[in-house]
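*Asks:* 3D model of this:
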Amino acid sequence: MYTFLTTSPWADYELIDAGNFEKLERFGKHILARPEPQAIWDPHLPASEWQRANAIFTREKGSQERGQWKIKAGTPEQWVIGYERPDGLKLRFRLGMSSFKHVGLFPEQDPNWQFIYTQTRKRRAAQPRVLNLFAYTGAATLAARAAGADVTHLDSVKQVNFWARDNMEASNLDGVRWLVEDAMKYVKREVKRGSKYQGLILDPPAYGRGPNGEKWQLEDELNEMLKLCKELLDPEDHFFLINLYSLGFSALILENLVHEIFPAARQTREIGEIYLHDAAARKLPLGTFCRFGN
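*Replies:* Residues are numbered from 1 along each chain as shown. Model (predicted):
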């Protein structure tokens with residue numbers, strides 16, 4: 001049976017509406033409108049409500065990702081929002097409007113941040129070692145660090161790591177190990193060194209490049225990456241999380257991979273889809289995931 005995860009109520013974030021290949025969101029005090037290829041239905045709210053947006057992203061002609069923001073006067077290009085959960089997880093994130101429609105945060109990952117925080121605190125190791133691959137601006141990194149983990153944060157883009165450090169400092173945390181590396185090369189070296197981690201987190205893109213031009217293609221590399229991750233997991237004390245946002249990459253694919261590579265996780269694993277719901281309770285799918293802990 002598949003699991004469906006969604007975000008808990010969050011004071012500084014809401015998906016207001018989605019439709020016509022767009023989504024309308026509130027981050028703190030600011031409302032943004034930006035493309036969303038999965039929102040193929042009609043918007044629930046009238047156009048007048050969408051026009052309230054403080055910033056609207058428009059794609060460049062012929063591009064699926066690149067474009068520019070039209071920002072209303074008085075709207076900052078960067079701002080900070082809070083994130084707090086009843087279990088004690090409390091973080092802050094610096095947001096900014098990039099030329100690729102992103103703002104530095106994927107709010108649908110809220111249930112996975114809570115999973116990371118809870119699972120890290122359950123580890124028997126005094127200071128669990130956690131490796132976050134394709135780590136972007138570090139929300140998952142900070143969830144593990146806030147729970148007391150010794151965290152290695154790896155991303156191939158130096159500027160993204162700087163952004164993650166800003167989030168760490170805004171959250172009054174420290175001590176994260178930052179790496180600008182190709183994920184596959186690093187994992188292979190760690191396997192050779194005999195390294196073990198109590199937590200592994202992966203959020204790989206469909207396509208990407210390492211810092212030296214190394215090619216990452218999800219369907220070509222994921223099987224090997226998961227096999228290497230199995231070698232890195234502490235067999236007695238661990239949790240594992242992978243999230244995929246790639247159109248057409250079914251949860252069935254993840255189920256087959258995990259069944260073959262991590263057979264011992266069959267009783268504890270969760271596999272399914274992650275989504276956000278708007279004010280009209282429509283569900284916007286935003287990726288597939290698998291997670292487990294022993």
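*Asks:* what's the burial count for the closest residue to Ala183 other than its chain neighbours?
*Replies:* The shortest distance from Ala183 to any non-neighbouring residue, by Cβ to Cβ, 6 or more residues apart in numbering, is to Leu133 (4.6 Å). C-beta coordinates here come from the backbone N, C-alpha and C atoms, glycine included. For Leu133, the count of nearby residues is 23 (other Cβ atoms under 10 Å).
*Asks:* backbone phi and psi for Leu133, please?
*Replies:* Main-chain dihedrals, Leu133, degrees, to the nearest 10: phi -100, psi 140.
*Asks:* how would you label the nearest residue to Glu181 once chain neighbours are set aside: helix, strand or coil?
*Replies:* Leaving aside its sequence neighbours, Glu181 sits nearest to Leu154 (Cβ to Cβ, 6+ apart; 5.2 Å). Per DSSP: H, G, I helix; E, B strand; the rest coil, the secondary structure class of Leu154 is strand.
*Asks:* where's Leu154 relative to Gly210, distance?
*Replies:* Here Leu154 is placed at a distance of 10 Å from Gly210 (Cβ to Cβ, to the nearest Å).
*Asks:* Quick check: the gap between Met184 and Leu202.
*Replies:* As defined by Cβ to Cβ, Met184 lies at a distance of 11 Å from Leu202.
*Asks:* Let's see stretch 174-182 as CSV, backbone CA atoms only.
*Replies:* What follows is stretch 174-182, C-alpha atoms only, in CSV (Å, rounded to 0.1, in the frame of the first residue of the first chain):
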residue,chain,number,x,y,z
ASP,A,174,26.6,25.3,13.6
GLY,A,175,29.0,22.4,13.0
VAL,A,176,27.8,21.2,9.6
ARG,A,177,30.5,19.8,7.2
TRP,A,178,30.1,21.5,3.8
LEU,A,179,31.3,19.7,0.6
VAL,A,180,31.2,21.0,-3.0
GLU,A,181,31.5,17.6,-4.7
ASP,A,182,30.1,15.1,-7.2
